[in-house]
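**Q** Pasting the sequence and the predicted model now:
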Amino acid sequence: MRLIALAAAAAAALIIGGAASAATTVYPVSHFSNAGVANPNRLLGNNPNTNNIQRNDSIGLNYGTDIIKFTLSFVVTNYSGNTTWLWVRPGRRGLLTFTNASAPGLLAPNGTATQNLYVQITGPGTYWINTDVYESSCHTIGGCNAIMFGNSSLSQNGSSFQVSVVGATPEPQAWALMILGFCGVAARLKHVRQSRETALADASGVGSALRIAARAHRLSKIGLKAPLVRRHRARRRWRSCWSGWYRPLRERS
């Protein structure tokens, strides 16, 4: 039953993960790099104000928390209409430096090897970018808490897009694992509590038996019997008396 309950919790997490994770989306708390982006503070927090990102512009955003196994979301409100590529790469922001995460086998739109992820902007909307390919590298560098992104040099001349919000949302699978972990901890604590209660009950029973035996022993030393023994013997005497006078009456009848 416990395994069924855990499986049900994981399934529920996968089903409602999208709605639940929306409430836990994290947003940038500061920027640490800027190349050509005007008013970079507009990209901090859940800010509806847009910011124009032209070809070759880039910016670094710090989330202040680990975003491994998070999906990035870019809310694009407008774009120039020509070929436009958004690139992004997670990494770790320290006090003064940004360490890039890496992933094997990534290719740029022109087919060359790269360490960036790309998505083509084709119109207004929310663009989701999964960063699972960087998970191993993020663990190696101590976690990823920031990203670099921009408008690629592979975009056409004059390309641009306007972005208002850059969020990072936990994946439903991560929610399922967290819920399974919580359920496992709860099940373990319940098992430990039941084991302690059983041990205490056993100890209480043994203690009661020992106390009864010790009391009976003390009473026997002064010539008295324990109440249970007295009652038992009185009952036997009563039965003996009853059969003694009732048997002759029955025989005479």
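**A** Cool, got the structure. Quick caveat: nothing in here was measured; it's all calculated off a predicted structure.
**Q** Quick check: mean pLDDT of the host helix or strand of Asn52?
**A** Taking DSSP states H and E as the definition, Asn52 sits inside strand 51-54. Average pLDDT, strand 51-54: 96.
**Q** Can you spell out which helices and strands pack onto that strand?
**A** On a contact count with 3 or more C-beta pairs under 8 Å, 6 or more residues apart in numbering; DSSP states H and E, strand 51-54 meets strand 146-151, strand 160-170. C-beta here means a position set from N, CA and C on the backbone, and glycine is covered the same way.
**Q** Okay, Pro104 and Asp57: tell me how far apart.
**A** According to C-beta to C-beta, to the nearest Å, Pro104 stands 28 Å off from Asp57.
**Q** if you count what's nearby, which of the two comes out ahead?
**A** Higher neighbour count among Pro104 and Asp57: Asp57, with 19 against 9, using other C-beta atoms under 10 Å.
**Q** which residues sit in contact with the nearest residue to the more buried one once chain neighbours are set aside?
**A** Distance criterion C-beta to C-beta, 6 or more residues apart in numbering; nearest residue to Asp57, sequence neighbours excluded, is Gly36 at 3.9 Å. Gly36 makes contacts with Gln54, Asn56, Asp57, Ser58, as judged by C-beta atoms under 8 Å, 6 or more residues apart in numbering.
**Q** one step back: which one of the helices and strands packed on strand 51-54 is the most hemmed in?
**A** When you average the neighbours per residue for each of the helices and strands packed on strand 51-54 (mean count of other C-beta atoms under 10 Å), strand 146-151 leads with a mean of 25.
**Q** ok and it relative to strand 160-170, angle-wise?
**A** Between the axes of strand 146-151 and strand 160-170, defined by axes from the mean of the first three to the mean of the last three C-alpha atoms, to 10 degrees, the angle is 150 degrees.
**Q** which residues sit against strand 146-151?
**A** For strand 146-151, contacts defined as C-beta under 8 Å, 6+ apart pick out 32-33, 35, 53-63, 67, 72, 74, 84-93, 98, 100, 159-161, 166.
**Q** Which ones among these map onto strands?
**A** Applying DSSP state E to the contacts of strand 146-151, the entries found in strands are 32-33, 35, 53-54, 58-62, 72, 74, 84-93, 98, 100, 160-161, 166.
**Q** Give me the buried positions along the helix or strand harbouring Asn78.
**A** Element membership for Asn78, per DSSP H and E: strand 70-79. Buried residues in strand 70-79, counted by 16 or more other C-beta atoms under 10 Å: Phe70, Thr71, Leu72, Phe74, Val75, Val76, Thr77, Tyr79.
**Q** Check which helices and strands it is in contact with.
**A** strand 117-121, strand 125-130, strand 160-170.
**Q** what sits up against that strand?
**A** Outside strand 70-79, the residues within contact range by C-beta under 8 Å, 6+ apart are 25-26, 50, 86, 88, 119, 121-131, 147, 149, 159-171, 174.
**Q** So for the strand holding Asn52, could I get the coordinates as PDB, restricted to C-alpha?
**A** As requested, the backbone C-alpha atoms of strand 51-54 are provided in PDB (Å, rounded to 0.1, in the frame of the first residue of the first chain):
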ATOM      1  CA  ASN A  51      13.400  45.200 -23.600                       C
ATOM      2  CA  ASN A  52      14.600  45.200 -27.200                       C
ATOM      3  CA  ILE A  53      17.400  42.700 -28.000                       C
ATOM      4  CA  GLN A  54      19.100  43.400 -31.300                       C
END
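**Q** in the stretch 151-253 of the chain, what spans have low per-residue confidence?
**A** Applying pLDDT under 70 to the stretch 151-253 of the chain flags residues 172-187, 190-192, 194-210, 219, 221-253.
**Q** can you do 90?
**A** 171-253 (pLDDT under 90).
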